[in-house]
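Asks: structure here, sequence nowhere to be found:
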């Protein structure tokens, strides 16, 4: 196997982005595993891997990765929103609602506000 270096990891990260866009989340996870093994502190790689796990319907690994991202970046609105979608898909609406609200509070994007039901009137 060829030696892995920082440039190779950047290439693998970019290739994983393309694989995820091309709807090959399992291929993306495979590439990101080596990137994260070499750079476990890389939050961007972990967020991309979480998205790939979610796209592959691997909800528990997605949840764990999104939570790790949020431990490092508690103000990451996208990670809260994606974690909420993960909980929603796993049939855990109470956990989902909490993170939808946090996402909308951190970033008032219309998509986040709708999911949090901030715009609904009682």
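Replies: Structure received. Remember, predicted model here, so these are calculated numbers, not experimental data.

Asks: for this protein, what's the longest helix?
Replies: In the chain, assigned by DSSP state H, the helix with the most residues is helix 6-21.

Asks: mind listing what's buried in it?
Replies: Of the residues in helix 6-21, 9, 12-13, 16-17, 19-20 count as buried by neighbour count, 16 or more other CB atoms under 10 Å. In this view, the C-beta of every residue, glycine as well, is placed from N, C-alpha and C.

Asks: ditto for stretch 51-60
Replies: For stretch 51-60, by 16+ other CB under 10 Å, it's 51-56, 58-59.

Asks: for this protein, what spans make up the helices?
Replies: According to DSSP H, the helices that the chain contains are 6-21, 25-38, 43-55, 59-72, 77-89, 93-106, 110-116.

Asks: next one: residue 106 from residue 115, what distance?
Replies: 13 Å (CB to CB, to the nearest Å).

Asks: between those two, who's got more neighbours?
Replies: Counted by other CB atoms under 10 Å, residue 106 and residue 115 do not tie: residue 115 has more neighbours, with 20 against 17.

Asks: since that was my last question, I'll sign off now.
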